[in-house]
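Peer 1: Any chance you can model this:
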Amino acid sequence: MENTETSQVPYGALDYYQVHYIVETKNYVYDPSLFLARCYPITKGHFSKKKIVGTTWEGEQLANILKADLELEEIVKQILYEEGEIRVDPLEDHIRIYGKWRNEDQLKFSPKMFEAADRIAGHIKKLLNPT
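Peer 2: Numbering: from 1, shown residues only. Coordinates of the predicted model:
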């Protein structure tokens with residue numbers, strides 16, 4: 001019987017990536033919990049007849065603002081089938097907006113996701129600069 005080294009990981013670096021959209025917040029003091037948000041699709045039907053009929057946002061203040069943006073909801077309904085979900089996460093000096101992990105050969109730029117991230121970033125900037 002062979003001695004097998006169990007501490008070795010059987011795989012190397014994984015070829016999965018995410019596209020992140022970053023909003024700089026270096027010069028602002030803010031409560032990170034206000035900017036935490038997550039969007040899920042509301043679906044109807046099964047398998048090939050499954051359709052996205054709406055969206056739901058989880059989170060606090062930013063999520064409530066994003067729920068009220070009807071134009072954003074229409075954009076997000078178009079991209080959630082491919083993205084699965086959209087997340088907004090605050091970090092120390094920036095807030096990131098991103099979708100799901102993608103395999104290396106499926107990674108691509110989505111103009112609709114960029115448009116949605118741009119609208120979300122605009123709402124973030126308005127919250128950071130209430131004047």
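Peer 1: Does R38 lie in a helix or a strand, and which?
Peer 2: In the assignment (DSSP states H and E), R38 maps to strand 37-44.
Peer 1: Just name the shakiest helix or strand of the protein by mean pLDDT.
Peer 2: Ranked by mean pLDDT, DSSP states H and E, the weakest helix or strand in the chain is strand 16-17, scoring a mean of 84.
Peer 1: starting at the chain centroid, how far to it?
Peer 2: 14 Å (CA atoms, centre = their mean, to the nearest Å).
Peer 1: Partner strands of that strand and their direction?
Peer 2: Take DSSP bridges as the rule and strand 16-17 pairs in its sheet with strand 102-103 (antiparallel).
Peer 1: who touches the partner strand?
Peer 2: Contact with strand 102-103 is made by 15-19, 108, as judged by CB atoms under 8 Å, 6 or more residues apart in numbering. C-beta coordinates here come from the backbone N, C-alpha and C atoms, glycine included.
Peer 1: Which element is encountered next along the chain beyond that strand?
Peer 2: Next in sequence after strand 102-103, counting helices and strands by DSSP H and E, comes helix 111-128.
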